[in-house]
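Student: fold the following for me, if possible:
(one chain, ligands or ions: 2)
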Amino acid sequence: MERRHREHAVDGRTLHTCHPCRRTVPYRIYAVVHTCGIVALMYHHVHSLLTANTPLIITCLLLLSDIVLTFMWATATCLRFNPVHRTEYPENYAAQPEDFPKLDVFICTADPYKEPPIMVVNTALSVMAYDYPSDKISVYVSDDGGSSLTLFALMEAAKFSKHWLPFCKNNNVQDRSPEVYFSSKSHSWSDEAEKLKLMYEDMKSRVEHVVESGKVETAFITADQFRGIFDLWTEKFTRHDHPTVIQVLQNSVTDMDDTKTYIMPNLIYVSREKSKVSPHHFKAGALNTLLRVSGVMTNSPIILTLDCDMYSNNPVAPTHALCYLTDPEIKTGLGFVQFPQKFQGVSKNDIYACVYKRLFDINSIGFDGLMGPNHVGTGCFFNRRVFYGGPSNLILPEIDELKPDRIAKKSIKAQDVLALAHNVAGCVYEHNTNWGTKIGFRYGSLVEDYYTGYRLHCKGWRSAFCSPKRAAFCGDVPKSLIDVVSQQKRWAIGLLEVVFSRYCPIIYGVKSMGLLMGVGYCQYAFWAFWSLPVIVYGFLPQLALLYGVSVFPKSSDPWFWLYIVLFLGAYAHDLLDFVLEGGNYGGWWNDQRMWSIRGFSSFLFGFIEFTLKTLNLSTNGFNLTSKTNDDEEQSKRYEQEIFDFGPSPMFLPMTTAAIVNLLALVWGLYGLLAWGQGVVLELMLASFAVVNCLPIYEAMMLRKDEGKLPKRICFLAGILTFVLIVLGFFFLK
Ligand SMILES: O=c1ccn([C@@H]2O[C@H](COP(=O)(O)OP(=O)(O)O[C@H]3O[C@H](CO)[C@@H](O)[C@H](O)[C@H]3O)[C@@H](O)[C@H]2O)c(=O)[nH]1
Ligand SMILES: [Mn+2]
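Tutor: Numbers count the residues shown, from 1 in each chain. Ligands and ions are numbered 1, 2, ... in the order given. So this is what the prediction gives:
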């Protein structure tokens with residue numbers, strides 16, 4: 001069989017190759033089989049609707065759920081249509097140091113207490129130390145928390161970098177986040193390393209001390225040039241209301257290490273102006289400010305965006321991206337190169353399914369065979385031009401200094417450059433401009449990453465997925481269930497904002513990008529809709545079982561087998577996707593469990609909050625995911641893979657479902673033994689749910705630790721179960 005293997009070479013040297021996954025053809029064949037199964041199922045539903053031998057409400061709800069499942073299956077199938085794997089050969093990238101393009105790195109942080117400044121420091125250091133000409137790198141840190149603590153930490157980072165960079169480059173260190181390097185046990189320590197370690201610990205304790213004490217004491221400021229800056233933090237300065245602060249902490253033109261051998265990259269602290277009366281558009285707003293500030297100062301053609309918790313783990317990551325971004329054959333239409341988010345410190349079987357294998361790996365290679373992966377917010381190299389209109393229609397910004405192809409020649413410390421930088425970071429700057437609508441990161445959704453990437457694809461830009469063997473970017477995962485479900489609730493709301501906008505992928509997306517890309521994007525957009533089938537299948541058949549009503553075909557009925565085949569097929573397919581992309585079985589099991597947990601919590605509550613927001617009954621913003629884990633008990637539970645619940649109404653529906661399923665199973669088994677007749681499918685479903693719910697029963701009854709399910713939730717779930725059973729009496733009997 002013909003295998004389409006594509007190879008891209010410049011001057012006879014291969015920069016990257018792309019080949020289709022081997023599973024493509026079997027997947028396509030199976031897709032046809034599964035489609036036939038679904039058609040049959042729909043026929044069956046319509047038939048039961050017409051002949052009405054089960055209560056109407058049951059058939060309707062099941063039909064509706066199956067329509068959602070079918071739609072979601074179709075979206076997944078689009079992304080299984082042509083998955084590809086790419087490889088880059090950074091060693092073949094032959095540019096001389098002076099010919100490397102300039103690179104602007106954006107790092108976002110927003111709260112020194114949820115995102116410890118020492119973490120921001122490590123992220124910044126990891127990119128400053130890239131194997132890349134240092135005079136070409138400019139690191140911009142956006143601080144939406146407007147915190148002097150973060151600024152102080154970055155000053156310390158600048159000082160430490162003068163030792164850290166030479167050390168990494170002389171010793172070819174691979175872990176360029178000092179925290180990771182110094183806590184790893186896998187290498188022997190030279191004297192030099194020991195000395196540096198002390199220096200790092202010293203810096204870390206200073207930073208942590210300052211954060212703890214909540215303010216920067218003058219005694220801590222060692223460099224005279226920075227002494228006056230902290231005076232900006234007056235009484236009136238709050239995180240929601242303050243002037244712009246832009247501070248050049250390191251300048252590649254003047255700063256070198258102590259031995260005067262290495263040039264230091266630019267490091268710039270930016271905290272945009274905030275005022276309670278101007279909307280600031282969360283992260284998208286922060287990134288747009290950085291786009292303009294960096295545009296005024298360095299205007300590099302290539303931009304890397306990072307969240308403060310994603311340090312760079314691979315010193316040649318930028319060269320991997322350059323293999324695509326500088327390839328003359330594809331570069332004009334190439335908008336961005338996306339790396340997957342990878343995580344460290346994940347428990348053995350990833351209990352909360354936080355590595356998001358489907359999101360970051362499986363779907364990405366699926367998209368990559370079409371127009372390219374969606375943007376996931378961090379670890380992404382952009383072509384600056386992408387933010388200014390489609391590949392062939394440039395939209396000019398309001399001032400010449402921001403034109404994407406302008407070459408910035410002036411010093412970043414020049415008075416007029418700094419003045420303009422302050423101006424473009426002001427909170428009224430965007431009024432009556434195209435920022436957020438046609439230029440820059442797009443506003444209007446809490447998932448600005450998904451939304452912006454989507455709009456760029458609609459404009460005709462392509463992207464490439466780059467996943468080197470040594471992970472390029474690593475971050476932390478949330479370590480308690482409440483953090484996980486809250487994060488995903490925010491995502492669900494953001495995605496619903498896209499669905500109910502004029503840019504809904506099912507219409508606008510399909511029109512602009514074609515069927516496969518458009519429907520593929522729906523996989524995320526319609527995420528919250530999963531809650532419907534999850535809830536219906538989690539309650540309805542079980543309640544019916546309690547009243548002896550059978551909603552599925554009996555085991556003697558040929559339709560019975562259709563259910564079995566569709567269920568097994570869908571789950572086996574999912575498992576296969578997972579394992580072929582390097583997952584383990586335990587991880588898959590937890591992933592599918594988290595899927596149903598999300599359905600009962602994040603997605604359901606996302607729907608509710610989105611509705612309230614639309615009706616103007618509530619305003620909810622961007623709730624940061626906490627990145628501190630100083631709760632030792634909690635960390636221990638995470639390592640041991642014990643669920644950590646805690647008090648939240650989001651756990652109520654799933655606790656109720658756990659109780660209902662257990663009751664149904666017991667009742668059904670009793671029926672089977674007592675009367676020798678059983679409703680097999682219902683029983684199978686309930687047992688599957690009960691096995692999935694084991695940690696919930698444990699957390700309700702057997703545990704005493706802080707992470708158990710609070711009594712109040714168990715009690716309410718009991719009441720809710722009772723209510724459902726009573727309701728069932730009226731609707732199902
Ligand atoms: O007003 C804000 C809010 C957030 N952030 C930054 O946004 C990033 C992501 O926030 P986080 O709380 O870590 O959210 P996650 O859910 O972990 O992030 C995922 O989802 C976000 C969209 O909801 C994307 O922006 C992220 O890249 C993606 O990793 C962090 O660096 C924050 O500092 C800001 O700069 N300003
Ligand atoms: Mn994050």
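Student: residues near whatever residue of the stretch 251-400 of the chain ends up closest to ligand 1, how many?
Tutor: Nearest residue of the stretch 251-400 of the chain to ligand 1, counting by Cβ to the nearest ligand atom: G377, 2.0 Å away. For the C-beta atoms, the positions are set from N, CA and C on the backbone; glycine is no exception. For G377, the count of nearby residues is 21 (other Cβ atoms under 10 Å).
Student: now S467
Tutor: Here the number of neighbours of S467 (other Cβ under 10 Å) works out to 22.
Student: check D577 too.
Tutor: Under the neighbour criterion other Cβ under 10 Å, D577 is assigned a count of 23.
Student: quick revisit: any idea how far the closest residue to the residue of the stretch 251-400 of the chain closest to ligand 1 other than its chain neighbours is from A76?
Tutor: Spatial nearest neighbour of G377, excluding adjacent residues (Cβ to Cβ, 6 or more residues apart in numbering): D449 at 3.3 Å. Distance of D449 to A76, computed by Cβ to Cβ, to the nearest Å: 20 Å.
Student: can you check A699 too?
Tutor: The gap separating A699 from A76 is 31 Å, by Cβ to Cβ.
Student: past the longest helix anywhere in the chain, which element shows up next along the chain?
Tutor: Of all the segments of type helix in the chain, defined by DSSP state H, the longest one is helix 24-51. Using DSSP states H and E, the helix or strand that follows helix 24-51 in sequence is helix 56-79.
Student: what pLDDT, on average, does that following helix get?
Tutor: Here the mean pLDDT over helix 56-79 is 94, rounded to a whole number.
Student: check which helices and strands the helix or strand that it is followed by sits against.
Tutor: Once helix 56-79 ends, the next helix or strand along the chain (criterion: DSSP H and E) is strand 84-88. Contact here means 3 or more Cβ pairs under 8 Å, 6 or more residues apart in numbering; DSSP states H and E; on that basis strand 84-88 packs against strand 13-20, helix 317-325, helix 363-368.
Student: next, the buried residues of the last one.
Tutor: It stands for helix 363-368. 363-368 (16 or more other Cβ atoms under 10 Å).
Student: if we can go back for a sec, distance between the longest helix of the chain and the chain's centre?
Tutor: Its chain's C-alpha centre lies 33 Å from the corresponding centre of helix 24-51 when counted by Cα atoms, centre = their mean, to the nearest Å.
Student: now stretch 643-653
Tutor: Its chain's C-alpha centre lies 22 Å from the corresponding centre of stretch 643-653 when counted by Cα atoms, centre = their mean.
Student: only alpha carbons, please: show it as CSV.
Tutor: Backbone C-alpha positions of stretch 643-653 (Å, rounded to 0.1, in the frame of the first residue of the first chain) are rendered in CSV as follows:
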residue,chain,number,x,y,z
PHE,A,643,-9.4,10.7,45.7
ASP,A,644,-9.4,14.1,47.3
PHE,A,645,-13.0,15.5,47.4
GLY,A,646,-13.6,18.2,49.9
PRO,A,647,-16.7,20.4,50.1
SER,A,648,-18.2,21.5,46.8
PRO,A,649,-21.7,21.3,45.5
MET,A,650,-20.2,20.0,42.3
PHE,A,651,-19.8,16.6,43.9
LEU,A,652,-23.5,16.3,44.7
PRO,A,653,-24.8,14.9,41.4
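Student: which positions within that stretch qualify as buried?
Tutor: By neighbour count, with 16+ other Cβ under 10 Å as the criterion, the buried positions of stretch 643-653 are 643-646, 648, 650-653.
Student: one more: stretch 567-579?
Tutor: Here stretch 567-579 shows 570, 573-575, 577-578 as buried, counting by 16+ other Cβ under 10 Å.
Student: quick check: residues of the stretch 451-600 of the chain near ligand 1?
Tutor: Remark: the part of the stretch 451-600 of the chain in contact with ligand 1 comprises 487, 490-491, 494, using Cβ under 6 Å from any ligand atom.
Student: out of the residues you listed, which are buried?
Tutor: If you count burial by 16+ other Cβ under 10 Å, the buried members of these come out as 487, 490-491, 494.
Student: with respect to ligand 1, which of these is nearest?
Tutor: The shortest distance between ligand 1 and any of these, using Cβ to the nearest ligand atom, involves Q487 and amounts to 4.5 Å.
Student: surely that closest one and P478 touch.
Tutor: Yes: counting by Cβ atoms under 8 Å, Q487 does reach P478; the two are 6.1 Å apart.
Student: common neighbours of those two, please.
Tutor: With contacts defined as Cβ atoms under 8 Å, 6 or more residues apart in numbering, the residues shared by Q487 and P478 are T625.
Student: near ligand 1, which residues of the chain?
Tutor: Proximity of the chain to ligand 1, by Cβ under 6 Å from any ligand atom, involves residues 108-110, 115, 142, 144, 282-283, 286, 307-309, 377-378, 446-449, 487, 490-491, 494, 622, 624-625.
Student: K410: what secondary structure?
Tutor: Under DSSP: H, G, I helix; E, B strand; the rest coil, the three-state class of K410 is coil.
Student: okay, and which of the residues of the chain next to ligand 1 map to strands?
Tutor: When the residues of the chain next to ligand 1 are checked against strands (DSSP state E), the matches are 108-109, 142, 307.
Student: of those - the most surrounded one?
Tutor: The residue in those with the most neighbours, by other Cβ under 10 Å, is T109 (29 neighbours).
Student: ramachandran angles for the nearest residue to that residue once chain neighbours are set aside?
Tutor: Counting by Cβ to Cβ, 6+ apart, T109 lies nearest to C308, which is 3.9 Å off, once chain neighbours are set aside. With angles defined as degrees, to the nearest 10, C308 shows backbone torsions of phi -70, psi -20.
Student: how much space separates C308 from A223?
Tutor: 23 Å.
Student: L685 too?
Tutor: When L685 is compared with A223 (using Cβ to Cβ), they lie 66 Å apart.
Student: these two: who's more crowded?
Tutor: In terms of neighbours (other Cβ under 10 Å), L685 is the more surrounded of L685 and A223; the figures are 25 against 10.
Student: pretty sure that one sits in a helix.
Tutor: Yes: under the criterion used here (three-state DSSP), L685 sits inside a helix.
Student: so what's it closest to, chain neighbours aside?
Tutor: If you skip the residues right next to it in sequence, L685 has P541 as its closest partner in space, 5.7 Å away by Cβ to Cβ, 6+ apart.
Student: and that neighbour, what does it touch?
Tutor: If you count contacts by Cβ under 8 Å, 6+ apart, P541 has them with 551-552, 664, 681-682, 685-686.
Student: can you tell me which of those are in strands?
Tutor: Going by DSSP E, the strands hold none of the contacts of P541.
Student: out of the residues you listed, which are inside helices?
Tutor: Mapping the contacts of P541 onto helices (DSSP H) picks out 664, 681-682, 685-686.
Student: returning to what we had before: next, format the contacts of P541 as CSV and append pLDDT and distance to H431.
Tutor: As requested, these are exported to CSV (pLDDT from 0 to 100; distance: Cβ to Cβ, whole Å):
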residue, pLDDT, distance to H431
V551, 88, 57
F552, 90, 58
A664, 95, 58
L681, 92, 60
E682, 92, 59
L685, 96, 55
A686, 96, 58
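Student: buried set for stretch 393-407?
Tutor: Of the residues in stretch 393-407, those buried by neighbour count under the rule 16+ other Cβ under 10 Å are 397, 401-404.
Student: please disregard the earlier target; I meant stretch 185-203.
Tutor: Judged by neighbour count using 16+ other Cβ under 10 Å, the buried positions of stretch 185-203 are 193, 196, 199-200, 203.
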